[in-house]
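Peer 1: quick one, structure for this:
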Amino acid sequence: MESEMSPGYLSRCHEALKRLGAPLEGWYCSGVVDYGNAVFECELCGYPAVRYVHIMVHKEYPAQVQVGCVCAGIMEGDILAAKERDRQAKNRSARKSKYLQKHWEATEDNRWMIRHKHKTITVERDSFRDREYYKIDIDGDQYHWKDNNRMSSFLVAQHYIFDIIDAEAK
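Peer 2: The predicted structure is shown next:
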């Protein structure tokens, strides 16, 4: 941790912000994206193996900057807040991985059910104009669309269910 926040590292991050013509202070994180693997390169320091990417924004800078945890902490002036976001993203990823391993019971043709977080969830395969899609029922709440598109696979439906239930838990 101390080597991450050494004066040299802090100086390199500030120099990178200056090269971008960006402010040195006043940044905040608008969200953390999980790339699934450590394949992203930090836009500030160039570290090549970032998995949890912090999306940093500033009211006086026109673009967002996508960075790793330590650079996010430097940009917002709070390394502990950045590390907490990173921890929460890791925990969410672990919960999602465990959820995706659950066994779904086939209740009838083209229909599966599971109990998760005290909810009864069903996924049903249907078709419209010879195009297959999936619809979701979570304790009576129906979901047929995700991001203005029909859910084209069972896996897409599973991911969407996790996102809905995880958001409710907050």
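Peer 1: so what are the domain limits for the chain?
Peer 2: Following automatic domain parsing, one gets these domains for the chain: 7-97, 105-168.
Peer 1: mean neighbour count and mean pLDDT for those - can I get that in a markdown table?
Peer 2: C-beta coordinates here come from the backbone N, C-alpha and C atoms, glycine included. Shown next, in a markdown table, are the domains of the chain (neighbours: other Cβ atoms under 10 Å; pLDDT from 0 to 100):
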| stretch | mean neighbour count | mean pLDDT |
| --- | --- | --- |
| domain 7-97 | 16 | 94 |
| domain 105-168 | 14 | 93 |
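Peer 1: okay, strands next: where are they in this structure?
Peer 2: Assigned by DSSP state E, the chain shows strands spanning 28-34, 52-58, 61-67, 105-108, 111-116, 119-128, 131-138, 141-143, 145-146, 149-150.
Peer 1: want to throw those strands into CSV with distance to residue 43?
Peer 2: Listed next are these as CSV, based on distance: least, Cβ to Cβ, whole Å:
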stretch, distance to residue 43
strand 28-34, 13
strand 52-58, 9
strand 61-67, 5
strand 105-108, 45
strand 111-116, 36
strand 119-128, 38
strand 131-138, 36
strand 141-143, 34
strand 145-146, 28
strand 149-150, 29
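Peer 1: between those, which gets nearest to residue 44?
Peer 2: strand 61-67 (4.7 Å; Cβ to Cβ).
Peer 1: quick one: the closest one to strand 52-58, angle?
Peer 2: Per axes from the mean of the first three to the mean of the last three Cα atoms, to 10 degrees, the angle that strand 61-67 makes with strand 52-58 is 160 degrees.
Peer 1: run through who's touching strand 61-67.
Peer 2: Strand 61-67 has contacts (Cβ atoms under 8 Å, 6 or more residues apart in numbering) with 20, 22-23, 27, 30, 33, 40, 42-45, 50, 53-57, 75.
Peer 1: next: stretch 136-145.
Peer 2: In contact with stretch 136-145 (Cβ under 8 Å, 6+ apart) are residues 119-124, 133, 135, 150-151, 157, 160-161, 164-165.
Peer 1: got the end-to-end distance for it?
Peer 2: This stretch, stretch 136-145, spans 9 Å end to end (Cα to Cα, to the nearest Å).
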